[in-house]
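Undergrad: sequence plus the predicted model coming up.
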2 protein chains.
Amino acid sequence: MAAAITLSGRGRGLSSPNPNVGCIVVRDGHVVGAGWTQAGGRPHAEAQALAQACDRAAGATAYVTLEPCFHLSPRGPRCADLLARARLARIVVAAQDPDPRTDGQSIAFLRAQGIVVETGLLAAEARDAMAGFFLRQTTGRPHVTLKLAVSLDGCIALADGRSRWITSAAARAHTHVERARHDAILVGSGTVRADAPRLDVRLPGLESRAPRRVMLGRSDPPDGWESITHPGAIADLSHVDHLLVEGGAQTAAAFLRADLVDRLLLYRAPILVGTGMAAIGDIGLLSLDAAHGHWRAIDTRMLGPDRLEVYGRIRNA
Amino acid sequence: MAAAITLSGRGRGLSSPNPNVGCIVVRDGHVVGAGWTQAGGRPHAEAQALAQACDRAAGATAYVTLEPCFHLSPRGPRCADLLARARLARIVVAAQDPDPRTDGQSIAFLRAQGIVVETGLLAAEARDAMAGFFLRQTTGRPHVTLKLAVSLDGCIALADGRSRWITSAAARAHTHVERARHDAILVGSGTVRADAPRLDVRLPGLESRAPRRVMLGRSDPPDGWESITHPGAIADLSHVDHLLVEGGAQTAAAFLRADLVDRLLLYRAPILVGTGMAAIGDIGLLSLDAAHGHWRAIDTRMLGPDRLEVYGRIRNA
């Protein structure tokens, strides 16, 4: 299942409007099929894995990160039928599909077909890998990552706005990988005016993975850009499950004030700036007590001389 | 030798005016004596280790982090004589003593006595452990650590100055361990006026290790405090080999501008403050290019929810 979750990552930022699912078919200890939801959502992971497996699917076990779809669509066959027809012996499902058109119905259907169906294996990890899809289903909005490239003392630029470069080439390359994993990138109108950022993916082989560009602000966005006037409007961005917010300080503060940031991505360079531009504007904090308990460290690693720190928003469900 | 270097740490902040040396005597694979420079500088590490070893020192090997002292002092015997009289077979020295009154003379003297003397084992690590002594010898000033307790976005307080608490109890306890390892702590006059900090060591068993307190500023310091008017005057603080600078932002900036910070100790809490008080005032930075290449990551660890990051100043000797 861990391998299926890793595979599912290949569809992130591409698979919308469908969740980025991963699927692996195993027979006699050998992987005979592997798939992930393709660009635009079709084929589904299961369809791809079963097509690879062919006859070898009979009697095999399928590991799938999300309950297979039960609802009929003009865009392709439903996975519940595909899996039943493949005469699998066993299906292991990580997370149940919260979409009311499926929501347990595939599991019941496949069991009724005589297939052993187990659920819950690495469910939390699978939900994390499809965080945008789950947030859309439960709250109606995309998953938001706020990215900041900062000095040790929390500056994103000199006082006059110069910000090239805080971080190293290794850290910037990692940012481009993150871009490729998102459906859209958002920056504020101030950043658009000051930097006219390209926000593309400048990595060999991933150039085609540039996400959609969204501006926060009331002015007209540049050609090819979408725009929203307030952070809450991200719910209206169609086919965006994972949104990357890249700046600047006022935009970061607006999303934090609205409590719409799920993940912080801090690229921290081993430099001191002193009186520079702060990373984040006014977030309406009234006391230090109120600042605690919101973020937990998820991951850290070195990227050249810089340190990447990843924090997740603690939400009491 | 690694064990001797660890032992030498026990004398840090206590052994001045003598360097914090560590010494271990090994015979037939067993440690028969161990010592470190005691409070006020006497007894020396070698004298302590040899006293423990007694007759067992004959034919043994001594590991000592610094070349034994050669110069005569009214405060006690010179270690070169003690070691020669103990009829050791072999002495392993990490770092040669830069003090012109010794500076290789003990090594030559002990060799002339028929003892095998080897040098250079873990020399860099030993010099790090006695960084203050070596800096005093080469530049005439103490080793300076700048400590900052900051949020993820680099704030040390709310905009109105409230700073209790940015970091957790675990991080604050670690700060107190660091205090015990320094001869003196320095804060700016603004911090003295605003917080009247005690700067003591509030850890069971270490209460007596409170360092001397130094204020940077022109006003009169509180009772029991010393004061200096500019960062360069740290060279005039007698018997201070290791100085801890604890704030605030203007004092940090003054030491950074003067390039007098050797080590950064960042306690980083998983909180965001937004428009708060920046950690560091104006350090006179003119371009981002000029900010790079000065600091390298030495250590990092979690202290409860907070992350400790230690950086060392890169100096091209």
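TA: Great, that's in hand.
Undergrad: C-alpha only now, for contacts and for neighbours.
TA: OK.
Undergrad: so, low pLDDT: which residues of chain A?
TA: When residues are selected by pLDDT under 70, those of chain A lie in A:317.
Undergrad: stretch A:40-58: end-to-end distance?
TA: By CA to CA, to the nearest Å, the extent of stretch A:40-58 from end to end equals 29 Å.
Undergrad: chain center to it, what's the gap?
TA: Distance, stretch centre to chain centre, for stretch A:40-58: 23 Å (CA atoms, centre = their mean, to the nearest Å).
Undergrad: again, but for stretch A:174-182
TA: 10 Å.
Undergrad: list the buried residues for it?
TA: Residues of stretch A:174-182 classed as buried: A:175-182 (neighbour count, 16 or more other CA atoms under 10 Å in any protein chain shown).
Undergrad: please apply the same query to stretch A:49-57.
TA: Of the residues in stretch A:49-57, A:49-53, A:56-57 count as buried by neighbour count, 16+ other CA under 10 Å.
Undergrad: ditto for stretch A:154-162
TA: Judged by neighbour count (16+ other CA under 10 Å), stretch A:154-162 contains these buried residues: A:154-159.
Undergrad: cool, and stretch A:1-16?
TA: A:1-2, A:4-16.
Undergrad: how many neighbouring residues does A:A112 have?
TA: For A:A112, the tally of surrounding residues (other CA atoms under 10 Å in any protein chain shown) stands at 12.
Undergrad: quick one on the thing from earlier: of the buried residues of stretch A:154-162, which is the nearest to chain B?
TA: Relative to chain B, the closest of the buried residues of stretch A:154-162 is A:G154; by CA to the nearest CA it sits at 4.1 Å.
Undergrad: pull the contacting residues for the residue lying closest to that closest one once chain neighbours are set aside.
TA: Closest residue to A:G154 in three dimensions, ignoring its sequence neighbours and counting by CA to CA, 6 or more residues apart in numbering or on different chains: B:G154, at 4.1 Å. With CA atoms under 8 Å, 6 or more residues apart in numbering or on different chains as the criterion, the residues that contact B:G154 are A:152-155, B:278-279.
Undergrad: which residue sits closest to A:D99, ignoring its sequence neighbours?
TA: A:Q137 (6.6 Å).
Undergrad: list phi and psi for the one you found.
TA: Recorded main-chain torsions at A:Q137 are phi -70, psi -40, according to degrees, to the nearest 10.
Undergrad: distance of it relative to A:H71?
TA: A:Q137 sits 15 Å away from A:H71, going by CA to CA.
Undergrad: got it, and A:R179?
TA: Relative to A:H71, A:R179 is positioned 31 Å away (CA to CA).
Undergrad: so for stretch A:231-247, what gets flagged as buried?
TA: Of the residues in stretch A:231-247, those buried under the neighbour-count criterion (16+ other CA under 10 Å) are A:231, A:234-235, A:237, A:239-247.
Undergrad: CA atoms only for it - export them in PDB, please.
TA: The C-alpha coordinates for stretch A:231-247 follow below in PDB (Å, rounded to 0.1, in the frame of the first residue of the first chain):
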ATOM      1  CA  PRO A 231      -9.000  34.100   0.000                       C
ATOM      2  CA  GLY A 232     -12.400  32.400   0.600                       C
ATOM      3  CA  ALA A 233     -13.000  32.500  -3.200                       C
ATOM      4  CA  ILE A 234     -10.500  29.600  -3.600                       C
ATOM      5  CA  ALA A 235     -13.500  27.400  -3.200                       C
ATOM      6  CA  ASP A 236     -14.800  28.700  -6.500                       C
ATOM      7  CA  LEU A 237     -11.700  27.700  -8.400                       C
ATOM      8  CA  SER A 238     -12.900  24.800 -10.500                       C
ATOM      9  CA  HIS A 239     -10.700  21.700 -10.700                       C
ATOM     10  CA  VAL A 240      -8.200  23.000  -8.200                       C
ATOM     11  CA  ASP A 241      -7.600  20.500  -5.400                       C
ATOM     12  CA  HIS A 242      -4.100  21.600  -4.400                       C
ATOM     13  CA  LEU A 243      -3.300  25.300  -4.300                       C
ATOM     14  CA  LEU A 244       0.200  26.700  -3.700                       C
ATOM     15  CA  VAL A 245       0.400  30.300  -2.300                       C
ATOM     16  CA  GLU A 246       3.700  31.800  -3.100                       C
ATOM     17  CA  GLY A 247       3.500  35.400  -1.800                       C
END
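Undergrad: let me see the ranges of the helices in chain A.
TA: Under the criterion DSSP state H, helices of chain A are mapped to A:2-8, A:45-53, A:79-85, A:105-112, A:123-129, A:131-139, A:169-180, A:189-195, A:249-257.
Undergrad: B:A290: which of the buried residues of stretch A:49-57 is nearest?
TA: Within the buried residues of stretch A:49-57, proximity to B:A290 (CA to CA) peaks at A:A49, which comes in at 52.9 Å.
Undergrad: which residues touch that closest one?
TA: When the contact criterion is CA under 8 Å, 6+ apart, the partners of A:A49 are A:23-25, A:33-36.
Undergrad: if we go to 7 Å?
TA: A:23-25, A:33-35 (CA atoms under 7 Å, 6 or more residues apart in numbering or on different chains).
Undergrad: farthest pair in those?
TA: A:V25 and A:G35 (9.0 Å).
Undergrad: distance between the ends of stretch A:251-266?
TA: As for stretch A:251-266, its first-to-last residue distance stands at 16 Å under the measure CA to CA.
Undergrad: and it, what's buried?
TA: A:251-257, A:260-266.
Undergrad: contacts for stretch A:171-185, please.
TA: The set of residues external to stretch A:171-185 that reach it, using CA under 7 Å, 6+ apart, is A:12-14, A:201-203, A:209-214, A:240-246, A:267, A:303, A:306.
Undergrad: quick one: that stretch to chain centroid distance?
TA: Offset of stretch A:171-185 from its chain centre (CA atoms, centre = their mean): 10 Å.
Undergrad: equivalent analysis for stretch A:103-115, please.
TA: Averaging C-alpha positions (CA atoms, centre = their mean) puts stretch A:103-115 28 Å from its chain's average.
Undergrad: which ones are touching A:L88?
TA: By CA under 7 Å, 6+ apart, the residues touching A:L88 are A:57-61, A:115.
Undergrad: give the ChimeraX command for selecting the buried subset of these.
TA: Buried residues within these, by 16+ other CA under 10 Å, are selected in ChimeraX with:
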select /A:57,58,59,60,61,115
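Undergrad: kindly reformat the contacts of A:L88 as TSV and extend each row with distance to A:A126.
TA: As requested, those are arranged in TSV below (distance: CA to CA, whole Å):
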residue	distance to A:A126
A:A57	23
A:A58	25
A:G59	25
A:A60	22
A:T61	18
A:I115	22
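Undergrad: so A:R87 touches A:G59, yeah?
TA: Yes: counting by CA atoms under 7 Å, A:R87 sits close enough to A:G59 to count as a contact (6.3 Å).
Undergrad: hmm, A:N20 and A:R12 touching each other?
TA: Yes: A:R12 is in contact with A:N20 according to CA under 7 Å; the separation is 5.7 Å.
Undergrad: thank you kindly, that will do.
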